[in-house]
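Asks: got a sequence here, can you model it:
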Amino acid sequence: MKPLTFSGVLLINILVSVWIGYQLDQWLHTLPLFVMAGLMYSVIGSIYLLIRKDKKHE
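Replies: As a prediction, this is how the structure comes out:
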């Protein structure tokens, strides 16, 4: 995966998951639990996609 493509995918994943987590936290009146969970999910998921795509190209 090209570096620019990966950074775009990572940015979009982070923004979407943080926004969804923020909305859930407001709706459920919780601490930033869902924001942090969404952030971790998007970073780990993006790294997983990067590794998976890299192994396909070998």
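Asks: what number of residues are in the vicinity of residue 26?
Replies: Other residues within reach of residue 26, judged by other Cβ atoms under 10 Å, total 10. To be clear about C-beta, it is placed using only N, CA and C from the backbone, and glycine gets the same treatment.
Asks: distance of it relative to residue 40?
Replies: As for residue 26, its distance to residue 40 is 19 Å (criterion: Cβ to Cβ, to the nearest Å).
Asks: same deal with residue 28?
Replies: Using Cβ to Cβ, residue 28 is found at 18 Å from residue 40.
Asks: check residue 53 too.
Replies: Relative to residue 40, and taking Cβ to Cβ, residue 53 is found at 21 Å.
Asks: likewise residue 29?
Replies: Applying Cβ to Cβ to residue 29 and residue 40 gives a distance of 21 Å.
Asks: neighbour count: these two, which is higher?
Replies: Of the pair residue 29 and residue 40, residue 40 is the one with more neighbours under other Cβ under 10 Å, namely 12 against 6.
Asks: in this protein, spot the helix with the most residues.
Replies: Looking across the chain with DSSP state H, the single longest helix is helix 3-28.
Asks: other SSEs contacting that helix?
Replies: For helix 3-28, the helices and strands in contact under the criterion 3 or more Cβ pairs under 8 Å, 6 or more residues apart in numbering; DSSP states H and E are helix 33-56.
Asks: shaky segments in this protein?
Replies: Screening the chain residue by residue with the criterion pLDDT under 70, one finds the ranges 1, 58.
Asks: please report the distance of residue 7 from residue 45.
Replies: For residue 7, the distance to residue 45 under the criterion Cβ to Cβ works out to 15 Å.
Asks: centroid-nearest residue for the chain?
Replies: For the chain, the residue whose C-alpha lies nearest the mean C-alpha position (Cα atoms, centre = their mean) is residue 42; its distance is 1.7 Å.
Asks: can you tell me how far that one is from residue 26?
Replies: The span separating residue 42 from residue 26 equals 19 Å under the rule Cβ to Cβ.
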